[in-house]
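Colleague: Quick one, structure for this:
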Amino acid sequence: MQFGSRHRVVAEVLEDRRVRVSALSDICIHSPEQIFLSDFHNSLEAMAALKYAGMDDTDSEDELPPGWEERSTKDGWVYYANHDEMKTQWEHPKTGKKKRCAGDLPYGWEQETDEKGQIIYIDHINKRSTYFDPRHAFTVEDVVVKPKRYDGNTAALEILQGRDLSDKVVLITGGNAGIGFETARSFALHGAHVILACRNLTRANKAVSLIQEEWHKARVEAMMCNLASLRSVREFAESFKAMKLPLHILVCNAAVCTQPYMLTEDNLESTFQICHLGHFLLVQCLQDVLRRSAPARVVVVSSESHRFTDLLDSCGKVDLALLSPSKKDYWSMLAYNRAKLCNILFSNELHRRLSPYGVTSNALHPGNMMYTSIHRSWWLMTFLFTLARPFTKSMQQGAATTVYCAVAPELEGLGGMYFNNCFRCQTSAQAQDPSSATSLWELSERLVAERSVGIQAL
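Modeller: Model prediction:
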């Protein structure tokens, strides 16, 4: 018998078995001795097909002896059925090792129940369904798994592969475009309830539609939040609290760069307020929700450009005249650099204050010269970014470090750090200075207090 015809025999018998047997996953097992064996004869047919095709003999130590079958429980633990002796056990009959299905269902898969009450697995990407648990292809030994290492080429969806975030609520500022959109999309496609906090609701609702077109069950919605208005930030926070939702991940993503000099309605330079002060107030207003939702994480999107500036006056205090300068002292790139330094100092101090309550904070750099809408205010910068576009990260790659900081198991309970390409990096000396972080925090508290009443202090 030729090799191709052997495979056809196996395929025909196994396909016939697949149609006729009940789902393996609907077996309810409480101990290795309790097993449902109604598909006994079908299993023998499958093994007979393998033997007839000459494919029942391999050198693999994981190959089961004749008469044995691998199955899994609903929660992913693998057990072994011996059809000859009519018994089951947790240990592999050859190796003696215990196994489990690796993690959650693969990306794009979903577990549902059919009309007969049987568990069925839906592959939304390839538009197919099966009674066979796809995790059987990724079983691992029952040992501690080392964290996977990522780099600058990693995409956000790679980091989330196999993750089920259906029990998470994620809030992202500026999530309607660029890196923020890819961050929101990645979380939503893995089941998280995602809220886009944006100043332009038309664009935000379009982003929501794009995500839901990709997966109709995506839980994503848009809400109005203009960081250039402290009043708008407070109104957003009250609306969010009224929803009675937890908040597990808060991504401070929104930013502006290279825009003309402009004062906000709060009489502050717009780059400083949008990139830093608006987020500072947002966290202040939602800190009680974060604490109730612990463990929770705050992720602050900063930039490597924080290294090319300073914030201190001659007395070593953070100087408001540098953060919110007059028009004659304003340079857009310097304003952006200072705001990004504020992001790291804010993240570090936030972690120091809230980590005792189960809320951690980390800052990150998403990538260099990525083509986003952040530079739309200056035609020269847009031109330069266009030229560099073929040699820079994609938006998915740009969102990877944000997603990593938000969900990496190895970062649980850890914060006050700065990441680039999913690796922890050293910041500039001033970004590591605790006194600068404290000084910025006190200045920020004073600025919002002067423009508001009754804001709860951290």
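
Colleague: Listing request: residues of this structure with sub-threshold pLDDT.
Modeller: 1-61, 74-76, 102-103, 136-146, 369-391, 453-458 (pLDDT under 70).

Colleague: can you give me the helices in it?
Modeller: Along the chain, counting by DSSP state H, helices occupy 3-20, 40-52, 156-159, 178-188, 201-214, 230-242, 270-272, 278-292, 320-323, 332-354, 379-388, 395-407, 434-450.

Colleague: So which of those helices is nearest Tyr131?
Modeller: helix 3-20 (7.1 Å; Cβ to Cβ). Yep, even glycine has a C-beta here, placed from its N, CA and C like the rest.

Colleague: Pull the contacting residues for the most centrally placed residue in the chain.
Modeller: Residue closest to the average C-alpha location in the chain (Cα atoms, centre = their mean): Val403, at 3.9 Å. By Cβ atoms under 8 Å, 6 or more residues apart in numbering, the contact list for Val403 reads 156, 159-160, 183, 186-187.

Colleague: Pretty sure Cys252 sits against Gly175.
Modeller: No. With contact defined as Cβ atoms under 8 Å, Cys252 does not reach Gly175; the gap is 11.2 Å.

Colleague: tally of neighbours for Leu414?
Modeller: 15 (other Cβ atoms under 10 Å).

Colleague: Which residue comes closest to it once chain neighbours are left out?
Modeller: Nearest residue to Leu414, sequence neighbours excluded (Cβ to Cβ, 6 or more residues apart in numbering): Thr360, at 6.3 Å.

Colleague: my guess is that neighbour contacts Arg353, does it?
Modeller: No. Using Cβ under 8 Å, Thr360 is not in contact with Arg353; the gap is 11.2 Å.

Colleague: residue contacts, Asp329?
Modeller: Contacts of Asp329 by Cβ under 8 Å, 6+ apart are Ala321.

Colleague: Give me the more crowded residue out of Thr360 and Arg353.
Modeller: Counted by other Cβ under 10 Å, Thr360 and Arg353 do not tie: Thr360 has more neighbours, with 25 against 15.

Colleague: Just list whatever residues bridge to the more buried one.
Modeller: Taking DSSP bridges as the rule, Thr360 bridges to Arg297.

Colleague: Let me see the contact set for it.
Modeller: 295-298, 351, 354, 411, 413-415.

Colleague: Quick check: the two most widely separated of these?
Modeller: Maximum pairwise distance among the contacts of Thr360 (Cβ to Cβ): 15.0 Å, between Leu354 and Leu411.

Colleague: more neighbours, those two?
Modeller: Comparing Leu354 with Leu411 by other Cβ under 10 Å, the one with more neighbours is Leu354, at 21 against 18.
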